[in-house]
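Peer 1: Kindly return the folded structure for what I paste below:
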Amino acid sequence: MKLLLVNPNISTDVTEVMAAEARRSASAGTEIVAATARFGALYIENRVEAAIASHAVLDALAEHGAGVDGAIVSAFGDPGLAAARELFDIPIVGLEESALLIAWTLGRRCSIVAMTERLGTWFREAAREHGLDGRLVSVRALAAGPSDIARAKDELRDRLIAEALKAVDEDGAEVVILGGGPIAGLAREAADQIPVPTLDGVSCAVRLAEALVGLTPRPPERGSFARPPAKPARGLSSPLGKLIDRAP
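Peer 2: Numbering: from 1, shown residues only. Next comes the predicted model:
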């Protein structure tokens, strides 16, 4: 099985962090290939950057998706996820949706801990768009984010763990999700310090993608996720333009 991990921001350092955790989480025989957005922001924190990242996700999938069995939109907040599922015939999952779905199998009261307040706002809205916001008892966010996004996990570790403990003690969280691709792996590393199941979007997405690929669902021919009809387009990369122009 081959899974494509798409980093919707332009930081290759963050891609490496997420890809390393994805490979730790993957089953034997699963190959993880990673791609970084050609354009966009250093990291995605708000609606503007998420809108740009949605285009970058489709662009990267079009360029790097040949021959893969499934794909991961590897930004918590899942920019472009629904559009990607509409355009491509492989299973595609996002970090936040995967973490929330898996959290529901472990407990009923879930909390997300975010690196910044604006990320917290975006994560709440993304959960609502997925129809999963009812599973959240809180979204906790740090007042100040990292000075270096590539070192976010090390720089913010203690503060993120402290917020996770508050989510358990003050909000009654039964599952904690540490939200954000740049902190991939912290949930695994801090598991013994937080007294409830603690999840990482990257590892959840890898396992969910593996399960979906294994189920071999057929591509939809009807409904809103069926491939859209071909339509002339302008200004897109060659791989993405060919997908938009071609008939289903």
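
Peer 1: Please give the centre-to-centre distance between the helix or strand hosting residue 206 and its chain.
Peer 2: Residue 206 belongs to helix 201-215 when elements are defined using DSSP states H and E. Taking the mean of its C-alpha atoms, helix 201-215 sits 11 Å from the chain's own mean (Cα atoms, centre = their mean, to the nearest Å).

Peer 1: got it, and stretch 135-148?
Peer 2: Going by Cα atoms, centre = their mean, the spacing between the C-alpha centre of stretch 135-148 and its chain's C-alpha centre is 16 Å.

Peer 1: Quick check: end-to-end length of stretch 32-46?
Peer 2: Distance across stretch 32-46, first residue to last, is 28 Å (Cα to Cα, to the nearest Å).

Peer 1: all strands of the protein, in order?
Peer 2: Assigned by DSSP state E, the chain shows strands spanning 2-7, 31-36, 70-73, 92-94, 110-114, 136-141, 175-178, 198-200.

Peer 1: Just tell me which of those strands ends up closest to residue 104.
Peer 2: Using Cβ to Cβ as the criterion, the shortest distance between residue 104 and those is 7.4 Å, found for strand 110-114. Where C-beta positions appear, they are placed from N, C-alpha and C, glycine not excepted.

Peer 1: Helices of the chain, residue ranges please.
Peer 2: 12-25, 47-64, 81-87, 95-103, 117-129, 152-171, 186-189, 201-215, 238-245 (DSSP state H).

Peer 1: could you dump the first one to PDB, C-alpha only?
Peer 2: I take that to be helix 12-25. Listed next in PDB are the C-alpha coordinates belonging to helix 12-25 (Å, rounded to 0.1, in the frame of the first residue of the first chain):
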ATOM      1  CA  THR A  12       9.600  21.200   4.200                       C
ATOM      2  CA  ASP A  13      10.800  20.900   7.800                       C
ATOM      3  CA  VAL A  14       7.200  20.400   8.900                       C
ATOM      4  CA  THR A  15       6.700  17.900   6.100                       C
ATOM      5  CA  GLU A  16       9.600  15.900   7.500                       C
ATOM      6  CA  VAL A  17       8.200  16.000  11.000                       C
ATOM      7  CA  MET A  18       4.800  14.700   9.800                       C
ATOM      8  CA  ALA A  19       6.200  12.100   7.400                       C
ATOM      9  CA  ALA A  20       8.400  10.700  10.200                       C
ATOM     10  CA  GLU A  21       5.500  10.200  12.500                       C
ATOM     11  CA  ALA A  22       3.400   8.800   9.700                       C
ATOM     12  CA  ARG A  23       6.000   6.200   9.000                       C
ATOM     13  CA  ARG A  24       6.200   5.300  12.700                       C
ATOM     14  CA  SER A  25       2.400   4.800  12.700                       C
END
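
Peer 1: Noted, bye for now.
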